[in-house]
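In: Output the structure for:
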Amino acid sequence: MINKDIPPIFRKLRLISLLILLLLVAAQPAQQWLYNHSTEPNAILPAPSSPAEYTSAPQIMRLAYPPDPSSDIDWTGGTSSVADIQAAFNNARTQENSQLGKSIPMLTLPSQTAWNAMSDGERALWLINRERIDRGVMPLHGLEQNVTSVAQYYADYLLTNNTWGHNADGYSPWERLNNNPAIGACHDFLSVSENLAVFVTSGTSISIPIERSIYMWMYDDGSCCGWGHRHAILWYPYNDNSGTVGMEGFLGIGRANGGPYQGPFSQSWPFAEMIVMNVFDPCPTWDYSVPQVAGITRANPNPTSALNVQYTVTFTEPVSGVDRTDFVLTANGVTGASVLTVSGSGNTYFVTIHTGFSNGTLRLDLQDNDSIVDASNTPLGGLGSGNGNFTAGEEYTVSKTLNTRISIGTSSTDYHIPSQEVAFLTFPSTLAGPVKVISANGEPIFTTQVVTSGGSYNELAGFPVNQFTTEYWFPYYDHGYPNVTGSKMRTWILVGNPSTTQTAEVEIYIGGVLKGSYSIAPGANVTPRWIGVVGGPVRVVSTNGVNIFASERVFTVPYNSFNEVMGYPANQFTTEYWFPWYDTVYMDTYVLVGNTSSSQSASVDIYIGATKMGSYSIAPNATLKQRYAAKVGGPLRVVSTNGVNIVASEYTLSGTQNSFNEVMGYPFNQFTTE
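Out: Down below sits the predicted model:
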């Protein structure tokens, strides 16, 4: 951009400088380069001689900045650390002192750890304010969210649209700032408003682009741009100083990177770093206050046995953007607590929490991520995540009548589960079994176990203790992978001993063939598998009369889908099983039917809806695996017509075959109304 207010001779000089720079870039091999551009001040005037002239000097005298170096000063040294940054800036200051006869002090930057923890805007503000302060210029008041959003928008725009210049989106820098509602409603006129810089490289990254941009704007800007970038950084002071001295002047830094990008260059580059600096001078009525949390207090009696309680959250001024994601619960002893709802507006909000399923204490904390803002769009605690955190609220003491005990292996924990409620409980880093869930007060309960494996999910109903027996069956077994062509499954049989005193002697058969014998200690389990075996049915039997329970766990390969199904108790065998649905159009579904007899063939009919799909003879200790192409409907009925007991399941692969599920058939003689 060539500012129309610049005398023609200066416009001509800047245009020539621009062309020379582009020719230099085009002639260089692939490496990092800076191409920068700045809006210019209205006039070049001497700086006020004292801070008093901020308010006493005529406005024209307040359009000024400290003197410029007599020539550009190149960056020296490395570009990888705080030490490199400090060395480059101090070398530049030393040369500027020599050129101008000044005594600007040397910089001492924060530690590498502290510098790494700063945001781009915080690093830029630190360097810019040191350059201003060390030259007797008052510092910028700070970073401001509205200015930052304008700068970030334009950095993204230039990179995404592969373009360059101050007016690339059809607006001038000041128009972009003025279009922001908060800035447009409360600002002083300021002709200096934007610096641009871009680095390009044939590689995939550029080191310290923020620090090097500020350096170039400050010390390597004369031959390029008549020190316009430097003037924008050191403007001394803002030209309409209607506010309190030292309480105006905000900075915003935008940064975007990626590629390919050509912009003002003669060729396209694989990677670019785009830096935009905007400054803004607020009007006298600008609200400089930063919203904070005033308190988080209990809204219900304490201690509590209630399922849900409420907190009142108050702020020092009206804010918006408050939602569930801003809050977390700090729990001591309590399990399963959660944040449910957030309501309210202005200074006061109400947060309802679920108090969980065990005893202890709960505290509601607020975690600041800059999503909560006041009417001026100032984030909670000021710009920067975490500076508005609040962890000093009141606690609830949760005291409930514990009525449910969960035991995993030898460990037990008690919980309170209210009537008609669900407890969703997890035990991280736990690998043990068997799992026992018991109602401690005699009230009936039911339970499931939910397992996720990567992106696969399975839910399995718990086996009722009053139905324990010594023998369980599964219709099918498949651990053909990787030995059997076409098989994509790996299968384990899991057997648990619920006894606290007796060892269970267990045998496992597949297709009538004994595959293994196991002694399972009290409260222990075994998880055998047989690679290369495909067939069925599977029989798991305790030979010494100790009750057991069993499940079959399957992983598909290579998609790593997971499924587990409980074994069917032999003392509940029947001749007829039902399933609600069958689908080989949108899914791929198989019916598995196992003959539990070791001596008689089973004559089996299968129906979908009212249509008989087929009649089959299943040999003793054998399994039928049946599929019906292009069929959708239900219910599915599997019936042994000659009185031989069978077991049945239905397994389904999703259309993409990356998810697998198997469910046991429901026995006809156990049908009920609920």
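In: isn't there a strand covering Leu158?
Out: No - per DSSP: H, G, I helix; E, B strand; the rest coil, Leu158 lies outside any strand segment and is helix.
In: Can you give me every residue that contacts the closest residue to Thr430 other than its chain neighbours?
Out: Nearest residue to Thr430, sequence neighbours excluded (CB to CB, 6 or more residues apart in numbering): Ile408, at 6.0 Å. Quick note: C-beta positions are derived from backbone N, CA and C, even for glycine. When contacts are counted by CB atoms under 8 Å, 6 or more residues apart in numbering, Ile408 touches Phe427, Thr430, Ala432, Gly433, Val435, Lys436.
In: next one: Gly655
Out: Tyr586, Met587, Asp588.
In: So Asn257 versus Pro209, what's the distance?
Out: Going from Asn257 to Pro209 by CB to CB, to the nearest Å gives 8 Å.
In: Common neighbours of those two, please.
Out: Listed contacts common to Asn257 and Pro209 are Glu273; contacts here mean CB under 8 Å, 6+ apart.
In: what about these two, which has more around it?
Out: Shown here are Asn257 and Pro209; by other CB atoms under 10 Å, Pro209 has more neighbours (22 against 18).
In: Tell me where this structure has helices.
Out: 8-27, 53-56, 82-100, 112-117, 120-133, 145-160, 173-178, 181-185, 209-219, 222-225, 228-234 (DSSP state H).
In: would you turn the ones you listed into TSV with distance to Asn645 and mean pLDDT?
Out: Below are those laid out as TSV (distance: least, CB to CB, whole Å; pLDDT from 0 to 100):
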stretch	distance to Asn645	mean pLDDT
helix 8-27	85	27
helix 53-56	98	34
helix 82-100	78	96
helix 112-117	69	92
helix 120-133	72	92
helix 145-160	68	95
helix 173-178	79	91
helix 181-185	76	89
helix 209-219	75	96
helix 222-225	91	86
helix 228-234	88	90
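In: From the rest of the structure, what touches stretch 168-185?
Out: 1, 39, 146-147, 149-150, 153-154, 157-158, 161, 166, 187, 190-191, 193-194, 278, 280, 376-377.
In: Check the residues you listed for burial and list the buried ones.
Out: Neighbour-count burial (16 or more other CB atoms under 10 Å) applied to these gives 1, 39, 146-147, 149-150, 153-154, 157-158, 166, 187, 190-191, 193-194, 278, 280, 376-377.
In: ok, Thr413 - contacts?
Out: The contact partners of Thr413, taken as CB under 8 Å, 6+ apart, are Thr335, Ser358, Arg405, Ile406.
In: nope, Leu143 is what I was after
Out: Taking CB under 8 Å, 6+ apart as the contact definition, Leu143 lies against Gly121, Glu122, Leu125, Phe250, Leu251, Gly252, Ile253, Gly382, Leu383, Gly384.
In: Of those, which is the nearest to Tyr472?
Out: Comparing the contacts of Leu143 against Tyr472 with CB to CB places Gly384 closest, at 59.5 Å.
In: residues near the residue nearest to that closest one when sequence neighbours are not counted, how many?
Out: With CB to CB, 6+ apart as the criterion, Gly384 has its nearest non-adjacent residue at 6.4 Å, and that residue is Ser119. Residues lying near Ser119 (other CB under 10 Å) number 16.
In: repeat for the one 5 residues further on
Out: Ala124 has 24 neighbours, counted by other CB under 10 Å.
In: thinking again about what came up before, list the ones among the contacts of Thr413 that fall in strands.
Out: Using DSSP state E to define strands, the subset of the contacts of Thr413 located there is Arg405, Ile406.
In: Columns pLDDT, distance to Ser517 and neighbour count on top of the contacts of Thr413, output as CSV?
Out: Output for those, formatted as CSV (pLDDT from 0 to 100; distance: CB to CB, whole Å; neighbours: other CB atoms under 10 Å):
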residue, pLDDT, distance to Ser517, neighbour count
Thr335, 88, 40, 20
Ser358, 88, 41, 21
Arg405, 87, 33, 14
Ile406, 87, 31, 19
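In: out of the contacts of Thr413, which one sits closest to Ala83?
Out: Ala83 lies nearest to Thr335 out of the contacts of Thr413, by CB to CB, at 49.1 Å.
In: For the stretch 251-400 of the chain, which residues score under the pLDDT cut-off?
Out: Scanning the stretch 251-400 of the chain for pLDDT under 70 picks out no residues.
In: Walking through it, point out its strands one by one.
Out: In the stretch 251-400 of the chain, the segments counted as strands under DSSP state E, counting those that start in this stretch are 271-280, 293-298, 308-315, 327-332, 338-345, 348-354, 360-366, 395-398.
In: Which neighbouring residues are in contact with Gly614, exactly?
Out: Asp605, Ile606, Gln626.
In: rerun that using 7 Å as the cut-off
Out: Ile606 (CB atoms under 7 Å, 6 or more residues apart in numbering).
In: next one: the one 5 residues further on
Out: Taking CB under 7 Å, 6+ apart as the definition of contact, the neighbours of Ala619 are Asn595, Ser601.
In: Show the model's pLDDT score for it.
Out: Among the per-residue scores, Ala619 holds a pLDDT of 96.
In: What's the separation between it and Tyr651?
Out: Ala619 is 21 Å from Tyr651, by CB to CB.
In: And Val319, by the same measure?
Out: Distance of Val319 to Tyr651, given as CB to CB: 53 Å.
In: cool, and Phe668?
Out: If you go by CB to CB, the gap between Phe668 and Tyr651 works out to 20 Å.
In: same question, Gly516
Out: 24 Å.
In: ok, the two, which is more surrounded?
Out: Using other CB under 10 Å as the criterion, Gly516 and Tyr651 rank with Tyr651 on top: 21 against 14.
In: Model confidence score at that one, please.
Out: At Tyr651, the pLDDT value in this model is 90.
In: Test my guess that it contacts Met664.
Out: No - if you go by CB atoms under 7 Å, Tyr651 and Met664 don't touch, sitting 10.3 Å apart.
In: Name the nearest residue to Pro537, sequence neighbours excluded.
Out: Excluding its sequence neighbours, the residue lying closest to Pro537 (CB to CB, 6+ apart) is Gly594, at 3.0 Å.
In: what's around that neighbour, how many residues?
Out: Count around Gly594 with other CB under 10 Å applied: 28.
In: ranges for the strands of the stretch 551-674 of the chain?
Out: Ranges of strands in the stretch 551-674 of the chain, per DSSP E, counting those that start in this stretch, are 562-566, 568-569, 576-579, 582-583, 587-595, 602-608, 611-618, 623-626, 632-633, 636-640, 646-654, 660-664, 666-667.
In: and those strands as TSV, adding distance to Val198?
Out: Listed next are the strands of the stretch 551-674 of the chain as TSV, based on distance: least, CB to CB, whole Å:
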stretch	distance to Val198
strand 562-566	49
strand 568-569	69
strand 576-579	64
strand 582-583	56
strand 587-595	53
strand 602-608	66
strand 611-618	69
strand 623-626	64
strand 632-633	58
strand 636-640	65
strand 646-654	48
strand 660-664	51
strand 666-667	68
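In: and the closest residue to Gly535 other than its chain neighbours, what is it in contact with?
Out: Leaving aside its sequence neighbours, Gly535 sits nearest to Gly511 (CB to CB, 6+ apart; 4.4 Å). Counting by CB under 7 Å, 6+ apart, Gly511 makes contact with Gly535, Gly536, Asn621, Ala622.
In: okay, now the second one: neighbour count?
Out: Same thing as Gly536. With other CB under 10 Å as criterion, Gly536 counts 27.
In: Which pLDDT value belongs to the spatially closest residue to it that is not a sequence neighbour?
Out: Closest residue in space to Gly536, ignoring its immediate chain neighbours: Thr623 at 3.6 Å, by CB to CB, 6+ apart. pLDDT recorded at Thr623 is 96.
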